[in-house]
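Asks: Just need the structure, nothing else, for what follows:
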Amino acid sequence: MKYRVTPLFCRPWTLNGMSPRLIESHYENNYGAALNRLNAVTDELDALDIKTTPAQVVSRLSREQTVLLNSTLLHELYFASLGGDGRTPFEPIASAIARDFGSVERWRREFIALAEALAGDCGWILLSFVPRDGRLINHSASDHAQSIAGGIPIVALDMYEHAYQIEFGANTTAYIAAFMRNIHWEAVQARYADAIKVSPPRQLHQPEFGDLPSISPEEVQEMLNSGQRVQIIDTRPRHYSTRAQDIVEGAVWRDPECIDEWIGTLSKDEPVVTFCVYGFHIGCQSAAALRKAGFDARYMAGGHYAWKAIKGPVKLFE
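Replies: Coordinates of the predicted model:
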């Protein structure tokens with residue numbers, strides 16, 4: 001593949017406190033160098049005979065390609081983050097920032113604090129949207145290879161010395177302030193609008209259970225912590241429970257194959273949560289049977305091990 005140069009997004013002569021000389025040098029010498037080296041490394045990788053090339057050589061070139069690719073992508077986003085007046089975010093990005101950070105001002109202070117923490121060091125400060133969580137997050141990267149897996153950066157601040165030294169010297173505070181004054185919020189809003197269209201990773205889907213309602217381990221924990229009365233039924237199969245050493249605190253084990261024998265011990269006035277080992281079948285089948293009998297029953301997604309993964313309290317299985 002041949003990577004092609006992306007035209008400069010911002011108009012350098014319009015920036016407030018950042019000179020055309022700084023932007024031109026950054027674009028030509030640093031972005032350009034990364035792009036050219038990326039193509040060279042990619043060509044080198046493509047030309048390898050994978051069957052005969054030592055694995056260490058393939059790994060070294062692949063890692064270098066990843067770093068260079070990230071460098072070009074982040075530089076392009078950096079230039080695309082500049083060109084506005086930086087003062088007030090557009091809607092709906094302003095509301096999204098306020099939702100996820102408490103206020104635009106709090107986001108701004110956190111973003112600047114992360115940048116100031118990298119003063120004299122190298123790296124990037126990013127505002128990214130994470131589709132899995134449906135929220136924005138600030139984060140720093142100490143080199144070109146670090147990011148949030150699945151995150152979509154929409155603002156990038158370059159904190160490598162080449163981004164500011166020829167104009168600001170060691171005064172990173174002034175450089176950060178200049179960047180903040182020049183954020184192109186209209187472009188940021190457009191990238192945010194694109195980012196929220198990206199679907200999160202697909203969740204477990206069990207078509208055999210249709211619309212059977214589930215509940216997360218965190219929600220069960222919140223119910224218990226709030227004092228809400230809930231009937232928690234461990235329906236791990238007997239061949240598994242006989243080898244189990246622990247059980248969810250507050251739960252009782254019931255044999256899922258004998259549900260007709262113990263269903264009468266449950267109250268229809270309190271919700272019921274069933275779970276099995278991993279949350280696939282037995283817990284779901286038990287919840288379905290209870291709902292059919294008129295109980296407000298749900299199965300706990302992820303089962304016993306999801307509960308343990310969130311460090312939910314357990315006790316010895318007696």
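
Asks: Surely Leu127 forms part of a helix?
Replies: No: if the criterion is DSSP: H, G, I helix; E, B strand; the rest coil, then Leu127 is strand and not within a helix.

Asks: burial of it, as a residue count?
Replies: As a burial measure, Leu127 scores 27 neighbours (other C-beta atoms under 10 Å). (Glycine included, C-beta is placed from N, CA and C.)

Asks: my guess is it meets Pro153, correct?
Replies: Yes: contact criterion C-beta atoms under 8 Å: Leu127 and Pro153 qualify, at 7.0 Å.

Asks: In three-state terms, label Ser147 for me.
Replies: Note that with three-state DSSP, the state of Ser147 is coil.

Asks: What is the neighbour count of it?
Replies: Number of residues near Ser147 (other C-beta under 10 Å) recorded here: 17.

Asks: which strand residues sit across from the nearest residue to it once chain neighbours are set aside in the sheet?
Replies: Of all residues not flanking Ser147 in the chain, Ala141 sits nearest, at 6.1 Å (C-beta to C-beta, 6 or more residues apart in numbering). Taking DSSP bridges as the rule, Ala141 bridges to Trp124.

Asks: Who are the contact partners of Gly294?
Replies: If you count contacts by C-beta atoms under 8 Å, 6 or more residues apart in numbering, Gly294 has them with Lys268.

Asks: Would you quantify the distance from it to Ile263?
Replies: Taking C-beta to C-beta, to the nearest Å as the measure, Gly294 falls 10 Å from Ile263.

Asks: Check this structure and tell me which residue is nearest its centre.
Replies: Val130 (4.2 Å; C-alpha atoms, centre = their mean).

Asks: What distance do you get for that one to Pro201?
Replies: Using C-beta to C-beta, Val130 is found at 11 Å from Pro201.

Asks: Now do the shared contacts for those two.
Replies: Common neighbours of Val130 and Pro201, using C-beta under 8 Å, 6+ apart, are Gly150.

Asks: and the residue nearest to the centre of the chain, backbone torsions?
Replies: phi -110, psi 100 (degrees, to the nearest 10).

Asks: so what's it closest to, chain neighbours aside?
Replies: Sequence neighbours aside, Gly151 is the residue nearest to Val130 in space, at 4.9 Å (criterion: C-beta to C-beta, 6+ apart).
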